[in-house]
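Chemist: from the sequence below, what's the structure:
(one chain, ligands or ions: 1)
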Amino acid sequence: MRENRVTSKLPSKAERHRLFGSVDPTPGDKPTSKEYMSDLQNEQRNYLFDIEQVGIARVKHPITVEAGLAPASQVSIGTFKLTTSLNREAKGINMSRLTEHLEEYRQQGGTTDLAQLVRFAKGLTARMNQERAELELSFPWFYERRSPMLGKTGLNHAEGLIRISYEEGRESRVVVGLTVVVTTLCPCSKEISEYSAHNQRGVVTMEAHIDELDMEKDWKVMLLNAAESNASAPLHPILKRPDEKAVTEKAYENPRFVEDMVRLIAADLVELKAVRAFTVECRNEESIHLHDAIAKISYKKPRS
Ligand SMILES: Nc1nc2c(ncn2[C@@H]2O[C@H](COP(=O)(O)OP(=O)(O)OP(=O)(O)O)[C@@H](O)[C@H]2O)c(=O)[nH]1
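Modeler: Numbering: from 1, shown residues only. The predicted model follows:
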């Protein structure tokens, strides 16, 4: 194969672009200033159907996360979905206003504070001149975790979720969620074996409809505790041998099926005053199968 070398003086960059197909702008007769441009989105006709949600998704954006566990504040990467309703008389939404709204929120120090995000969703209906708006935000949340015997701190992480639905004149619907990974040890395996018991990572996903924005406790810590305190054992970033012995024995002392996990966590969520309804799912990445074991409970508290 011949040596790959530039054999002559390189053409200028403009000549290179032409060589590769760039052409000059073609003069046209369409308006270039906004006020004279056609505005298809705002054309009013009967477009047959109302649309529940139209907007933008997978919008990556820095977000400040405040927490009841150290670190008290961190900048994380949020993934946003921002949508509004659209009546059948309108052709389209003014989509650029969604990211304009998000940019303003960033400049105001955009956090994951629930009351601020409800105000964000309310502001979206006004800016978009639509009846309903929905915000969905997922983000990794890092929290300090100390090892059980030697107190070695490191960072664990869980996946946070906030979903806010706003409609003028109605109570906002605020749903928070957390996906937490824990250790689960199989009760059947422990019961039937002379020694040992198969255990694995269990992925717990909770979503809770809450009705108190100024909650006295951080909802992330509440959900984290509901998952970890009912597991065979929590996970740690750093474990020295005394720590590893402690978590190994703790898991053996607390065997949990996926069914046990969702029932025990559901009991904790029922006891949480701020929680109005919830779903909890546990998915075990079974260490003795190529498949997972799963279980899910959905629950709605009676109206008090
Ligand atoms: N509604 C709609 N807009 C789209 C779609 N695809 C692209 N766009 C957006 O259209 C936007 C421009 O429309 P508008 O946001 O109404 O822009 P504008 O009318 O100049 O802005 P305003 O003065 O705020 O109304 C661009 O940001 C595009 O992202 C689509 O499928 N539906």
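Chemist: in three-state terms, label the residue positioned nearest the centre of the chain for me.
Modeler: Compute the mean C-alpha point of the chain, and by CA atoms, centre = their mean the closest residue is residue 138, 1.8 Å away. Put simply, residue 138 is strand when judged by DSSP: H, G, I helix; E, B strand; the rest coil.
Chemist: beta partners of it?
Modeler: On the basis of DSSP bridges, residue 138 is bridged to residue 79, residue 161.
Chemist: so it touches residue 159, yeah?
Modeler: Yes: using CB atoms under 8 Å, residue 138 is in contact with residue 159, at 6.2 Å. Where C-beta positions appear, they are placed from N, C-alpha and C, glycine not excepted.
Chemist: so what pLDDT did the residue nearest to the centre of the chain get?
Modeler: As predicted, residue 138 sits at a pLDDT of 98.
Chemist: show me what contacts it?
Modeler: Residue 138 is in contact with 78, 79, 159, 160, 161, 162, counting by CB atoms under 8 Å, 6 or more residues apart in numbering.
Chemist: who wins for neighbours among these?
Modeler: Of all the contacts of residue 138, residue 160 has the most neighbours under the rule other CB atoms under 10 Å, reaching 24 neighbours.
Chemist: what does the stretch 1-150 of the chain put close to the ligand?
Modeler: Within the stretch 1-150 of the chain, the positions adjacent to the ligand are 34, 39, 41, 92, 93, 94, 95, 96, 97 by CB under 6 Å from any ligand atom.
Chemist: and with 8 Å instead?
Modeler: Within the stretch 1-150 of the chain, the positions adjacent to the ligand are 34, 37, 39, 41-42, 54, 56, 91-97, 99-100 by CB under 8 Å from any ligand atom.
Chemist: quick one: which of these is nearest residue 63?
Modeler: Closest approach to residue 63 among those (CB to CB): residue 99, at 14.5 Å.
Chemist: surely that closest one is in a strand?
Modeler: No: under three-state DSSP, residue 99 falls outside any strand and is assigned helix.
Chemist: smallest gap between the stretch 101-250 of the chain and the ligand, at which residue?
Modeler: Closest to the ligand within the stretch 101-250 of the chain is residue 127: 8.4 Å, counting by CB to the nearest ligand atom.
Chemist: in which helix or strand does that residue reside?
Modeler: helix 114-128 (DSSP states H and E).
Chemist: how far away is residue 202 from residue 176?
Modeler: Going from residue 202 to residue 176 by CB to CB, to the nearest Å gives 20 Å.
Chemist: isn't residue 220 right up against residue 141?
Modeler: Yes: between residue 220 and residue 141 a contact is recorded at 5.8 Å, counting by CB under 8 Å.
Chemist: shared neighbours of these two, anything?
Modeler: Common neighbours of residue 220 and residue 141 (CB under 8 Å, 6+ apart) are 67, 158, 160, 178.
Chemist: pLDDT check: weakest of the residues you listed?
Modeler: On pLDDT alone, residue 67 ranks lowest of the shared contacts of residue 220 and residue 141, at 95.
Chemist: contacts only, for residue 57.
Modeler: Residues near residue 57 by CB under 8 Å, 6+ apart: 80, 81, 83.
Chemist: buried set for the helix or strand harbouring it?
Modeler: Element membership for residue 57 (DSSP H and E) is strand 51-66. Residues 51, 53, 54, 55, 61, 63, 65 are the ones in strand 51-66 that count as buried (16 or more other CB atoms under 10 Å).
Chemist: ok, now stretch 193-200?
Modeler: For stretch 193-200, the neighbour count (16+ other CB under 10 Å) marks 197, 198, 199, 200 as buried.
Chemist: right, I'll call it a day here.
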